[in-house]
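**Q** Attaching a predicted model along with its sequence, questions to come.
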Amino acid sequence: MKNVRTARDIAVEALRDRLGNVTAHLDRLVDRSPLSQADRGLARELALGVLRRRETLRMVIRAFLRQPDHTMPGPVNEILLVGAYQILFLDRIPAFAAVNEAVEQAARFHHRRQQGFVNGVLRSISREIGEIETGVFSPGENVLPISASSWRKFTRPVFANPSTLPERHLSEAFSLPMVLAERWIGQYGKKKAMGIAFHANTRAPLILRVNRLKTDVPSVVLALEKAGVQAKPHANGISVVTDDTTNILETQEFRLGMLQPQDPTASAVSI
């Protein structure tokens, strides 16, 4: 595709890097893009999110294919991965929007004949995945782990049986290399290995230092909440913490220079 036009297109292009260096390719595409800061953030969220959970997404998609070993042409595989990631892990994006965008992407990437296929697979996934549940996590063939205390369930088996094939299940459900899943279970046992896997999949929060010449931490937290961005004060007293790395870039506080991404160890110098 010669002209990258949307955040989702950038994510697909980055994931198709022939040398496998998705992050470097993503940086190049984002730097050349005329997209807004918010859309650039979405492109990064999608590409790096798929990269982090690729094996899990691959197993989900495979479970919804009539021919599980079907070879998909060109970028159709990446289009499905990006679409499935939105449906399963990004609750702020409606499933129907993720599906529709993926179908349009198939056309933009010159695969109109695959639009019906993309539509069918993603709509099936969105129909057969439940809402987020919380509590004490219990693994299962149809359980998609979100965090150590939250999950979603499919109406059909997707992963290997955690009781009979624990290493394979850990690899598939948490996107771990099989050799690592085997090593962790061998060294720590199934329960502790799963806790480590949850930690390995946790997305690092964004920490932003507050410009105290313009505002203060409580005012920023309140303003961000009004803008629909959940944030909380950092323990250092001069920064805020948020998991919403996409929407915060669109806020007035960020645009006016009231906030600046900064590691707390760097901020500690000025305290």
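**A** Received, thanks. Numbering: from 1, shown residues only.

**Q** and the helix or strand Ile146 falls within, what other elements does it pack with?
**A** Element membership for Ile146 (DSSP states H and E) is strand 143-147. Judged by 3 or more CB pairs under 8 Å, 6 or more residues apart in numbering; DSSP states H and E, the packing partners of strand 143-147 are strand 150-153, helix 166-174, helix 190-201. Glycine gets a C-beta too; all of them are placed from N, C-alpha and C.

**Q** Which strands and helices lie in contact with the very next helix or strand once past the second one?
**A** Sequence-wise, the next helix or strand beyond helix 166-174 is helix 178-188, with elements assigned using DSSP H and E. Here helix 178-188 is seen to pack against helix 166-174, helix 190-201 when contacts are counted using 3+ CB pairs under 8 Å, 6+ apart.

**Q** By mean pLDDT, show me the worst of those helices.
**A** Of all these, helix 190-201 carries the lowest average pLDDT, namely a mean of 92.

**Q** Partner strands of the helix or strand following that one, with direction?
**A** Going down the chain from helix 190-201, the next helix or strand is strand 206-210, by DSSP H and E. As defined by DSSP bridges, the strand partners of strand 206-210 come to strand 239-242 (antiparallel), strand 259-261 (antiparallel).

**Q** Now do the last one, average pLDDT.
**A** The reference is to strand 259-261. Rounded mean pLDDT across strand 259-261 is 85.

**Q** let's number from 798 now, not from 1
**A** All set: I'll call the first residue 798, so the last point we hit is now strand 1056-1058.

**Q** pLDDT weak spots in the stretch 948-1068 of the chain?
**A** Where the stretch 948-1068 of the chain drops to pLDDT under 70, the residues are 1042-1044, 1046, 1060-1068.

**Q** try 50 this time
**A** Applying pLDDT under 50 to the stretch 948-1068 of the chain flags the ranges 1066.

**Q** Now stretch 879-895: average pLDDT?
**A** The pLDDT scores in stretch 879-895 average 94.

**Q** May I have that stretch as CSV, with CA atoms only?
**A** Extracted in CSV, the C-alpha atoms of stretch 879-895 (Å, rounded to 0.1, in the frame of the first residue of the first chain):
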residue,chain,number,x,y,z
VAL,A,879,-5.6,-5.7,14.3
GLY,A,880,-9.3,-6.1,14.1
ALA,A,881,-9.4,-8.9,16.7
TYR,A,882,-7.2,-6.9,19.1
GLN,A,883,-9.6,-4.0,19.1
ILE,A,884,-12.6,-6.4,19.6
LEU,A,885,-11.0,-8.3,22.4
PHE,A,886,-8.8,-5.8,24.3
LEU,A,887,-9.9,-2.3,23.5
ASP,A,888,-13.3,-1.7,25.1
ARG,A,889,-13.5,1.9,24.1
ILE,A,890,-13.7,0.9,20.4
PRO,A,891,-17.1,-0.6,19.5
ALA,A,892,-16.9,-4.1,18.0
PHE,A,893,-18.9,-3.1,14.9
ALA,A,894,-16.5,-0.2,14.2
ALA,A,895,-13.5,-2.5,14.4
